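Engineer: Task: produce atomic coordinates for the following.
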Amino acid sequence: MLITSVLILMVVLLAIGTPVGLAMAAAGAAGLYGMGGMPMMLGVLETSPFSAASSYELISIPMFLLMAEFVILSGVADNLFKAAATCVGRVPGGLGMATALAGAGFGAISGSSTASAATLSATTIPAMLKQGYEPKLACGVVAISGTLAMLIPPSIALVLYGIIADVSIGQLLVGGVVPGILVTLTIMATVYVLVLQDPSRAPRGRSYTFMEKIRSLRVVGAMLFLFMAVTGLIYTGVATPTEASGIGAFGAFLLACHAGTVTLKTANAALTRAAHTSCMIVLIILGAHIFGYFFTLTQSTQDIVRWVGEMDVSRWVVMAMILFGYILLGCVMDQVAILILTVPVVLPLVLALGFDPVWFGVIVIVTAEVGMVTPPVGLNAFVVARYTGRPLSEIFMGVMPHVIAHIVIIALFVAFPEIILWLPSTMRQ
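Structural biologist: Model (predicted):
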């Protein structure tokens, strides 16, 4: 009865607009008070802030956020789209494919999904509409391409999962590389199929000479520099994810300085935005710690594992149910909140079923990408609507073919775990 009451309290707090971290902290504190009175509640509240914020790996989150801010400041995203458009713009749906490539490139040097969606909205949608693209197609490909930043390292979502699940963050980040490439190709293939069905959706762009294509690739050097400064150092074992995040933030700062966009005002704005987002994430983690103490003391997780273990169904059926639940949650909740709320509960069950935690982490993030663009919440869809002024319904309609394609690629990752686990298995420890 106490567990049900606490869960109802948390849902009510979330429904009335209470920040996720505060809602979890309040519900968890109420549950602890119900179990052990004031001494138990105060004991947890006195120790949780330090235990939540003292994780060494947590330092990588503000560094990756700062890296994303300086990358936006440098204007690299604009150059990535122009280079991709030069290389594939003549192909049917070429600008849509270029958007996916730019989203992958931006994701490889930022790690922020909403920042990626906002930047792509301002950069690519005007170019596609000017060329005569169907608005629904243009907005849909931007919304889904923005989610690539959740998967391609450096990914803040993967870092959070690693901290919550106590799994190697380095292996998680490297494990996102191959799936990230395949998801990018899936987005491009979806655009190509849509244009083949109806060529009027995306008129062909102008053609470029071979030398123009070669010259356009010069801007890719900045992306490769940052990617190697982060993922390359992690993969080779030269730096830990936390160290690499600091190097990446400094590298992004140098790129912004080289672009001549760093002033006292712009640097202060970038630092402020990174600090605000970092504080929000730490507050959510703090609330999750308090709620987690209550959940652990009730032994609810063990009861769930025991209940599922007694079910006479295949472990793959259970995994399908879990992933379907993540898609449903993604339709109504923020992805950071979903990770922090569900991973402590679901991961013990996943491990008991014999699944790899690194594989599961990447699968969860790919599944969360679907939630980022599906109604009614679909955060990336709202970002695109805000920056373009297009109707939200139009964006959701444009993104639905990509949602179907994502479900297919998730099934592929589930059926062949080696796609995710191969590259991490070759890392230097």
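Engineer: how long is stretch 362-379 from one end to the other?
Structural biologist: Using CA to CA, to the nearest Å, the end-to-end distance of stretch 362-379 comes out at 20 Å.
Engineer: which residues sit in contact with F413?
Structural biologist: 179, 362-363, 366, 419-420 (CB atoms under 8 Å, 6 or more residues apart in numbering). Just so you know, the C-beta spots here come from the backbone N, C-alpha and C atoms, and that holds for glycine as well.
Engineer: nearest to P344, of those?
Structural biologist: I363 (17.1 Å; CB to CB).
Engineer: ok, the closest residue in space to V219 that isn't next to it in sequence to M63 distance?
Structural biologist: Residue nearest to V219 in three dimensions, not counting chain neighbours: N79, with 3.7 Å by CB to CB, 6 or more residues apart in numbering. Relative to M63, N79 is positioned 23 Å away (CB to CB, to the nearest Å).
Engineer: Of these two, which one has the most company?
Structural biologist: Taking other CB atoms under 10 Å, N79 and M63 do not tie; M63 has more neighbours (26 against 20).
Engineer: where's the nearest residue to that one once chain neighbours are set aside, which helix or strand?
Structural biologist: On the basis of CB to CB, 6+ apart, the spatially nearest residue to M63 that is not a chain neighbour turns out to be S245, at 3.5 Å. If you go by DSSP states H and E, S245 is part of helix 241-258.
Engineer: which helices and strands does that helix pack with?
Structural biologist: Under the contact criterion of 3 or more CB pairs under 8 Å, 6 or more residues apart in numbering; DSSP states H and E, helix 241-258 touches helix 60-74, helix 169-175, helix 220-227, helix 233-236.
Engineer: how does it look with 10 Å?
Structural biologist: Applying 3 or more CB pairs under 10 Å, 6 or more residues apart in numbering; DSSP states H and E, we find helix 241-258 packed against helix 60-74, helix 76-88, helix 156-165, helix 169-175, helix 220-227, helix 233-236, helix 264-297.
Engineer: in the stretch 1-150 of the chain, which spans are strands?
Structural biologist: Read by DSSP state E, counting those that start in this stretch, the stretch 1-150 of the chain holds no strands at all.
Engineer: need the helices for it, in chain order.
Structural biologist: Here the stretch 1-150 of the chain has its helices, by DSSP state H, counting those that start in this stretch, at 2-15, 20-53, 60-74, 76-88, 94-107, 113-130, 135-146.
Engineer: Mean pLDDT and distance to I395 for those - can I get that in TSV?
Structural biologist: Shown next, in TSV, are these (pLDDT from 0 to 100; distance: least, CB to CB, whole Å):
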stretch	mean pLDDT	distance to I395
helix 2-15	82	24
helix 20-53	82	24
helix 60-74	85	21
helix 76-88	77	19
helix 94-107	86	14
helix 113-130	81	10
helix 135-146	90	4
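Engineer: can you put these in TSV and add distance to A269?
Structural biologist: Shown next, in TSV, are the helices of the stretch 1-150 of the chain (distance: least, CB to CB, whole Å):
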stretch	distance to A269
helix 2-15	30
helix 20-53	24
helix 60-74	8
helix 76-88	17
helix 94-107	19
helix 113-130	13
helix 135-146	21
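Engineer: Which among those is found nearest to L264?
Structural biologist: Minimum separation from L264 across the helices of the stretch 1-150 of the chain (CB to CB) falls at helix 60-74, 12.8 Å.
Engineer: what angle separates that closest one from helix 241-258?
Structural biologist: Angle, helix 60-74 to helix 241-258, by axes from the mean of the first three to the mean of the last three CA atoms, to 10 degrees: 20 degrees.
Engineer: Backbone dihedrals for A259, please?
Structural biologist: The phi/psi pair for A259 (degrees, to the nearest 10) reads phi -80, psi -10.
Engineer: Which residue is the nearest non-sequential neighbour of it?
Structural biologist: Excluding its sequence neighbours, the residue lying closest to A259 (CB to CB, 6+ apart) is S74, at 4.6 Å.
Engineer: shouldn't the residue nearest to M63 be in contact with G170?
Structural biologist: No. Applying CB atoms under 10 Å, one finds S245 not in contact with G170, separated by 11.4 Å.
Engineer: Looking at S112 now. What's its pLDDT?
Structural biologist: Looking at S112, its pLDDT stands at 68.
Engineer: repeat for F413
Structural biologist: Looking at F413, its pLDDT stands at 94.
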